[in-house]
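Q: Any chance you could fold what I've pasted below:
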Amino acid sequence: MRQLLRSSVFRSICLAAFLAGAFVFWTTSSLFNFWHQTENFSYRHQLPYWTQAQATGLTSEEQSNIDIYTGANQATVNITSTVLRRGWFLEVMPSEASGSGFLIDTSGRILTNHHVIRGNAPQIEVTLSDKSRHKADVIAVDEANDLALLRIHTDRDLPSLKLGKSDHLKVGQKVLAIGNPFGLDGTLTTGVISSLGRSIRDGESFLEDLIQTDAAINPGNSGGPLLDSAGSVIGINTAIIGPGNIGIGFAMPISRAIPLLEYERTGGKAHQASHPGFRTLFLSGRIVRALNLSGEAGYLVTEVIHGSASDQAGLVGAQREVVLGNYLIPWGGDFITHIDGREATHRRVLSQVLALKHGGDSLELTIVRNEEIQKITIALQEKNARWR
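A: The predicted structure is shown next:
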């Protein structure tokens, strides 16, 4: 009995020793390390260390931007203008400029900036959204408003944009700009109208009543469309401040292009009206009251150009300056309260009225002179728009 007991104890000890040895061997072997690493690798891949977001749909504003871009991009074109210039040694060299434009009808008429195609006898090439290239002819230009009308000839109807209205725009209104900045075609930028009635000087040219926007406008965007939230053209992207976009871009209101389009439509018979020849300072209601002038707001005539239509009509400019707070106000000139019967409630009224005038039309001003209300009629002359 004792012998059996000793034998059983001995087997138990041997089994325990065998199991212990097997465990030590397994855990110290390369096979165990490989299995352990493989298991950890599999485990780590079952539990990724990033958070996967669920797919979401587009917002209504995003979908609106996409819809507008899809339609408008088809009608936005890239314009390359090549002119011949002479170098330092009088050698003839080609010089290229590029910009944007947009189709305004299915027959191939394109509206753009004049500075995009400016030069002596330029060779103009238009690239459509389908990458097809076409030679373009200049059919009318308006240098004063930096506008040009081109035409290409194709054997098919082309996509075009609808012209909106720019007379009642609001600061804060959403806008979209499409163009080819730096040669990158089909670029969309969005923003809002930052201000209205801006004036800028570029060399010898002076552009008035521009739309200011924070939608990015860069070199190459010039001539492209500025669209409202309905996809209608409300402006032509024209200029930026500084060497590159710094958040301030300017567009010519589309209403300024209407006389040029009318001029072309009538075969050159509807000649645009030149500026009447006077400069003004718009006065808001607060300043009008401080100066004891009649009306709620209006234009103070600061200068009348000698020999102009306004000079011939007897309009009077400022004679001196007066101090009002921290401002010097030109004083002594006529104060305009109404233009063609329309009350001068904001600074854009004058340019809006003039934009629809043709050569030979008259401009009726209601003025206050020496505390008396008078009416002056100015016979407008023809602008130097050109028919080609």
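
Q: Name the spans of the stretch 101-250 of the chain whose pLDDT lies under the cut-off.
A: 119-122, 201-205, 242-247 (pLDDT under 70).

Q: Listing partners with orientation, what would you give for the longest strand seen in the chain?
A: The strand that spans the most residues within the chain, counting by DSSP state E, is strand 187-202. The strands that strand 187-202 pairs with in its sheet are strand 174-179 (antiparallel), strand 205-213 (antiparallel) (by DSSP bridges).

Q: Now tell me what touches the first one from outside.
A: Spelled out, it's strand 174-179. When contacts are taken as Cβ atoms under 8 Å, 6 or more residues apart in numbering, the neighbours of strand 174-179 outside the stretch itself are 65, 68-69, 72-73, 76, 99-100, 102, 186-193, 211, 213, 215-217, 220-229, 234-235, 237, 249, 251. C-beta here means a position set from N, CA and C on the backbone, and glycine is covered the same way.

Q: on that earlier part again, list of residues touching the longest strand of the chain?
A: Contacts of strand 187-202 (Cβ under 8 Å, 6+ apart): 65, 69, 73, 169-181, 206-217, 221, 239, 241, 248, 250, 282, 346-348.

Q: Also stretch 278-293?
A: Applying Cβ under 8 Å, 6+ apart, the contact partners of stretch 278-293 are 197, 295-305, 308, 310, 315, 317, 324, 329-330, 335-336, 344, 346-347, 350, 368.

Q: Please report how far Gln381 lies from Asn218.
A: The span separating Gln381 from Asn218 equals 37 Å under the rule Cβ to Cβ, to the nearest Å.

Q: secondary structure element for Phe102?
A: Counting by DSSP states H and E, the secondary-structure element that holds Phe102 is strand 92-103.

Q: what's downstream of that strand, the next helix or strand?
A: Beyond strand 92-103 on the C-terminal side, the first helix or strand identified by DSSP H and E is strand 109-112.

Q: how far out from the middle of the chain is that next one?
A: 16 Å (Cα atoms, centre = their mean, to the nearest Å).

Q: Just list whatever residues bridge to Arg133.
A: Thr127.

Q: Give me the neighbour count for it.
A: Burial of Arg133 is recorded as 12 neighbouring residues (other Cβ atoms under 10 Å).

Q: roughly how far apart are it and Ile193?
A: For Arg133, the distance to Ile193 - Cβ to Cβ - is 34 Å.

Q: and what of Gly164?
A: The spacing between Gly164 and Ile193, counted by Cβ to Cβ, is 13 Å.

Q: Report how many residues lie close to the closest residue to Arg369 other than its chain neighbours.
A: Residue nearest to Arg369 in three dimensions, not counting chain neighbours: Asp334, with 5.2 Å by Cβ to Cβ, 6 or more residues apart in numbering. By the measure other Cβ under 10 Å, the count of residues near Asp334 is 25.

Q: cool, Asn65 as well?
A: For Asn65, the neighbour count with other Cβ under 10 Å is 17.

Q: Wait, a helix at it?
A: Yes. Asn65 forms part of a helix when assessed by DSSP: H, G, I helix; E, B strand; the rest coil.

Q: Check what pLDDT it gets.
A: Looking at Asn65, its pLDDT reads 91.

Q: which residues does it contact?
A: The neighbourhood of Asn65, defined by Cβ under 8 Å, 6+ apart, consists of 176, 188, 190.

Q: So which of the residues you listed is the closest to Leu354?
A: The shortest separation between Leu354 and any of those is 27.8 Å, and it belongs to Leu176 (by Cβ to Cβ).

Q: re earlier: list buried members of the contacts of stretch 278-293 by neighbour count.
A: Neighbour-count burial within these applies to 295, 297-302, 304, 308, 310, 315, 317, 329-330, 335-336, 344, 347, 350, 368; the criterion is 16 or more other Cβ atoms under 10 Å.

Q: What are the contacting residues of stretch 164-173?
A: Contact with stretch 164-173 is made by 192-196, 211, 227-230, 232-235, 253-255, 348, 352, as judged by Cβ under 8 Å, 6+ apart.

Q: List only buried entries from these.
A: Applying 16+ other Cβ under 10 Å to the contacts of stretch 164-173 flags 193-194, 196, 211, 227-228, 232-235, 253-255, 348, 352 as buried.

Q: Of those, which belong to strands?
A: Within the buried ones among the contacts of stretch 164-173, membership in strands is found for 193-194, 196, 211, 227, 233-235, 253, as judged by DSSP E.

Q: Would you check which pair of those lies furthest apart?
A: For these, the maximum inter-member distance is 18.5 Å, found between Ser194 and Val233 (Cβ to Cβ).

Q: for Thr345, helix, strand, or coil?
A: In terms of secondary structure, Thr345 is coil; the call rests on three-state DSSP.

Q: contacting residues around it?
A: Contact criterion Cβ under 8 Å, 6+ apart gives 296-297 as the residues in contact with Thr345.

Q: swap in Leu315?
A: 278, 301, 304, 334, 365, 367, 376, 378.

Q: what's the closest non-adjacent residue to it?
A: In space, not counting the residues next to it along the chain, Leu315 is nearest to Val304; the distance is 5.2 Å by Cβ to Cβ, 6+ apart.

Q: Compute the distance between the one you found and Thr70, please.
A: With distances taken as Cβ to Cβ, Val304 is found 50 Å from Thr70.
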